[in-house]
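>>> Quick one: sequence plus predicted model below, questions after.
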Amino acid sequence: MVHSSERPGPDRASGRTLALLAFVAPAWVAWIRLAEMKRSAGGVSLAEMAAAIVAIAWTGVALGVGPARRFLADLGEWLVARLPYPFFAVAALLAGALVTSLIKSPELVVASAAAGLLALAGARRAFAADRRRACGLALLLVLNLLLLALGDVAVRRFVMPNSSHNDIFVVHDPWLGWKLRPSWAIDRNIKVHNYVSHETSNRLGFRGPDHPVERPAGTRRIVVLGDSHTEGYTVNDGETWPEQMERALADATASASAPVQVESFAVGGFSTDQEYLAYLHYARQYRPDLVLLQFCSNDPPDNVGRNLWRGRKPSFTRFGDQLVLEGLPVPDDRLSFTHDTGLAHSAIALMYQISLGKLAVANETTIDAGDPEAWEVTRLLLRALAHAVAADGARFALFHSGPDERDVDARIKTLCQEESIPFLDIAPAFGGDYANFRVKDDSHLNQRGHAAVGRLLATQVAPLLERR
């Protein structure tokens, strides 16, 4: 410890000042939160005001009271004397990488700033004591960061393209359970199913371009809901059936003043309950003329499950003819600590997050696809979605992605007939030869399949748009 009678030199004095400021930094949290509350015009709570007063008092004591100032400066010197400054530099970089914004994570901002100040204090001390050793530590830090960056590039280039789409491209969503990572891109080279694809997501976390919510005058809109068969992760951007359908409708439109815009809100693993909630929470604001739902044979059992192979999701419990929504907000079992942070650009961080997240994801799907309760819940979900769409002044239609699954296909057709929901049959697009329209050893469509389904659906939805 440094006694009050000592007079440290300029370099040492500046190092002590930096260390002192590191202990003052926690007060910034209260100031940042107070500034945000005032900026949002939501009023300042008593607790936030009290925290700001404590922060001001702490700053005054730390900087203005001699014994307290000397104690904190001595404590900072003690820390930087026993831990090399690269330790604090790495801590500052890590905390900074986790920062989403000053408002969303002021604690991380402060942690990064405090660690950075201690790193600077330690660097000044190290250079003053032994410049050669300090330069060696700096070089070692730079080399490690360079190796880490090269390793990250290697993981992104050689590991991620062969990893499951379900792991890399998905983040937690409190209303749906999961969705695509917003404003992101991924390349895949899945040899077992023999496909290569490039996929990007928009700012909301769905596939497709970022269209403005306000619809251009004279434009008709179609919202599509579904799972991986509609998201289309086996094909490139521009090759999915919703985009193929949009182009086919544009080619068939006689008047250029009435273009058709297709918005996709489909994510792999979604079931009817999540598709219904995706419409309410995200798609409804786009004011569609037509809502087209893609049905899949695993929807009924998934509609009565909560923990699926992709994570936890909300669920509806049936009481007679009424559905009660449970499980909101959905807890983040995926451990999405990279979401909306600088670490979202790190392949190593993403792979680490995935490894941790898999430990928390449980699969409880043990219900048979023919279970009567599962189909009754599905009926009520489709009825609720149809009513919501009708209340918004739009039309609603449904198609089954696997028309060769005869039992399920017949059952969903009957259900649609009983609920007066238009059913669109895509079986003619395959001509009975389903294998040539799907990727190898999988039920998902390839480029040829997406193109064929998109063209056929364009002819089937056009009359619905006109009648609307």
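Cool, got the structure.
>>> any chance you could map the strands in the stretch 251-400 of the chain?
Ranges of strands in the stretch 251-400 of the chain, per DSSP state E, counting those that start in this stretch, are 260-264, 290-295, 307-308, 311-312, 315-319, 322-326, 395-400.
>>> Would you mind putting these into a markdown table with mean pLDDT, mean neighbour count and distance to residue 236 alongside?
To be clear about C-beta, it is placed using only N, CA and C from the backbone, and glycine gets the same treatment. A markdown table is the format used below for these (pLDDT from 0 to 100; neighbours: other Cβ atoms under 10 Å; distance: least, Cβ to Cβ, whole Å):
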| stretch | mean pLDDT | mean neighbour count | distance to residue 236 |
| --- | --- | --- | --- |
| strand 260-264 | 95 | 24 | 14 |
| strand 290-295 | 98 | 26 | 19 |
| strand 307-308 | 72 | 20 | 27 |
| strand 311-312 | 80 | 24 | 26 |
| strand 315-319 | 93 | 16 | 34 |
| strand 322-326 | 94 | 12 | 36 |
| strand 395-400 | 97 | 23 | 23 |
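>>> so which of those strands comes closest to residue 32?
strand 311-312 (32.0 Å; Cβ to Cβ).
>>> Quick check: beta-bridge partners of the spatially closest residue to residue 332 that is not a sequence neighbour?
Distances taken as Cβ to Cβ, 6 or more residues apart in numbering put residue 172 closest to residue 332, at 4.2 Å, once the chain neighbours are dropped. Beta-bridge partners for residue 172, by DSSP bridges, are residue 178.
>>> List just the one of the strands of the stretch 251-400 of the chain that sits closest to residue 95.
strand 311-312 (27.0 Å).
>>> Tell me the helices and strands packed up against that closest one.
The elements that strand 311-312 packs onto, with contact taken as 3 or more Cβ pairs under 8 Å, 6 or more residues apart in numbering; DSSP states H and E, are strand 177-180.
>>> And the next helix or strand past the strand it packs on?
The first helix or strand that comes after strand 177-180 along the chain, using DSSP states H and E, is strand 185-190.
>>> Report all helices and strands that that next one contacts.
The contact analysis (3+ Cβ pairs under 8 Å, 6+ apart) places strand 185-190 against helix 165-168, strand 195-200.
>>> between those, which gets the lowest average pLDDT?
Mean pLDDT per stretch puts helix 165-168 lowest among the helices and strands packed on strand 185-190, at a mean of 58.
>>> pretty sure residue 381 is touching residue 273, no?
Yes. Residue 381 is within contact range of residue 273, at 5.7 Å (criterion: Cβ atoms under 8 Å).
>>> Poorly predicted segments of the stretch 151-300 of the chain, please.
Scanning the stretch 151-300 of the chain for pLDDT under 70 picks out the ranges 163-168, 253-257.
>>> again, 90 this time
Applying pLDDT under 90 to the stretch 151-300 of the chain picks out residues 151-172, 181-196, 208-212, 215-219, 250-259.
>>> Between residue 381 and residue 273, tell me which one has more neighbours.
Applying other Cβ atoms under 10 Å to residue 381 and residue 273 shows that residue 273 carries more neighbours, namely 26 against 23.
>>> I'd assumed residue 308 was in contact with that one.
No. Between residue 273 and residue 308 there is no contact under Cβ under 8 Å: 11.0 Å.
>>> just to revisit the earlier point, and residue 454, which of the strands of the stretch 251-400 of the chain is closest to it?
Taking Cβ to Cβ as the criterion, strand 260-264 is the member of these that comes nearest to residue 454, at 9.5 Å.
>>> Which neighbouring elements make contact with that closest one?
Using 3+ Cβ pairs under 8 Å, 6+ apart as the test, strand 260-264 ends up in contact with strand 220-225, helix 241-252.
>>> follow-up on the earlier one: for residue 424, which of the strands of the stretch 251-400 of the chain is the nearest?
Using Cβ to Cβ, those put strand 395-400 closest to residue 424, at 4.1 Å.
>>> so the closest one versus strand 290-295, what angle?
20 degrees (axes from the mean of the first three to the mean of the last three Cα atoms, to 10 degrees).
>>> Strand 395-400 pairs with which strands, parallel or anti?
strand 290-295 (parallel), strand 423-424 (parallel).
>>> And the next helix or strand past the shortest one?
Scanning forward in sequence from strand 423-424, with DSSP H and E defining helices and strands, the next element found is helix 447-467.
>>> and residue 415, what does it touch?
375, 378-379, 382, 421 (Cβ atoms under 8 Å, 6 or more residues apart in numbering).
>>> let's go with 10 Å and repeat that
295, 300, 375-376, 378-379, 382-383, 398, 421, 423 (Cβ atoms under 10 Å, 6 or more residues apart in numbering).
>>> Which elements pack onto the host helix or strand of residue 128?
Per DSSP H and E, residue 128 falls inside helix 106-129. Packing partners of helix 106-129 (3 or more Cβ pairs under 10 Å, 6 or more residues apart in numbering; DSSP states H and E): helix 10-24, helix 27-39, helix 66-82, helix 85-98, helix 131-154.
>>> on that earlier part again, nearest approach to residue 280 belongs to which of the strands of the stretch 251-400 of the chain?
strand 322-326 (10.1 Å).
>>> Counting neighbours, which bits of stretch 388-396 end up buried?
388-389, 392, 394-396 (16 or more other Cβ atoms under 10 Å).
>>> how about the nearest residue to residue 424, chain neighbours excluded?
Nearest residue to residue 424, sequence neighbours excluded (Cβ to Cβ, 6+ apart): residue 399, at 4.1 Å.
>>> so that neighbour touches residue 428, yeah?
No. Counting by Cβ atoms under 10 Å, residue 399 stays clear of residue 428, with 11.7 Å between them.
>>> what's the overlap in contacts for the two?
In contact with both residue 399 and residue 428: 456, 460, using Cβ under 10 Å, 6+ apart.
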